[in-house]
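A.B. asks: Just need the structure, nothing else, for what follows:
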Amino acid sequence: MSMNGDTYRFGDVHGPVNAGSGQQYVAGRDQTVHQADHRRVLSEVAALHQAMDELRLTAQERRSAEGELRAVGVALDRDEPDREGAARHLETFTTRLRDAGVLASAGASVVGALNSIAHWLGPSAASVLALL
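C.D. replies: Numbering: from 1, shown residues only. The predicted structure follows:
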């Protein structure tokens, strides 16, 4: 790093760059990885939709859980995903499965998908990880 007056020169910068609030990704490999992770998380949401068929839920429990899961998908399926909104809906979805008594018997695919999505969402989804 060199400083010339109020101008800072850092040379080549790769990866996430902290700039004020949040991160800005420099184009290149990191951007491609971020997009691949986003697609993977969306596929995990789709896998949860499919897994819902196997869960022993009442009609009301199923409608409620599916509504929350749809809201997770809507929050994530954007150019700029709403991680906070997705985390709230994912927590409600997970809580509903737990309260219905099916989370413990849901199987590795459901728990794995929830875990993967929650990790991708970051700190806003810590409560989901605590439910698992």
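A.B. asks: C-alpha only now, for contacts and for neighbours.
C.D. replies: OK.
A.B. asks: buried stuff in the longest helix that the chain contains?
C.D. replies: Ranked by residue count, the top helix of the chain under DSSP state H comes out as helix 29-51. For helix 29-51, the neighbour count (16 or more other C-alpha atoms under 10 Å) marks 38, 41, 42, 44, 45, 48, 49 as buried.
A.B. asks: Now distance to residue 88 and pLDDT too, for these, in TSV please.
C.D. replies: What follows is the buried residues of helix 29-51, written out as TSV (distance: C-alpha to C-alpha, whole Å; pLDDT from 0 to 100):
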residue	distance to residue 88	pLDDT
38	18	90
41	16	95
42	16	95
44	17	96
45	14	96
48	16	96
49	17	94
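A.B. asks: between those, which is nearest residue 82?
C.D. replies: Within those, distances to residue 82 taken as C-alpha to C-alpha reach their minimum at residue 38, with 11.8 Å.
A.B. asks: roughly how far apart are the closest one and residue 69?
C.D. replies: For residue 38, the distance to residue 69 (C-alpha to C-alpha, to the nearest Å) stands at 16 Å.
A.B. asks: If I look at residue 19, what pLDDT would I see?
C.D. replies: Note for residue 19: predicted pLDDT of 51.
A.B. asks: Ignore what I typed, I meant residue 82.
C.D. replies: For residue 82, the model assigns a pLDDT of 96.
A.B. asks: Residue 79 now?
C.D. replies: Predicted confidence (pLDDT) for residue 79: 89.
A.B. asks: Please identify the buried residues of the host helix or strand of residue 110?
C.D. replies: Remark: residue 110 resides in helix 108-121, with elements defined by DSSP states H and E. Residues 110, 111, 113, 114, 115, 116, 117, 118, 119, 120, 121 are the ones in helix 108-121 that count as buried (16+ other C-alpha under 10 Å).
A.B. asks: Torsion angles phi and psi at residue 93?
C.D. replies: Backbone torsions of residue 93, given as degrees, to the nearest 10, read phi -60, psi -50.
A.B. asks: Please tell me how far the nearest residue to residue 119 once chain neighbours are set aside sits from residue 42.
C.D. replies: Nearest non-adjacent residue to residue 119, counting by C-alpha to C-alpha, 6 or more residues apart in numbering: residue 125, 7.3 Å away. Residue 125 is 16 Å from residue 42, where distance means C-alpha to C-alpha.
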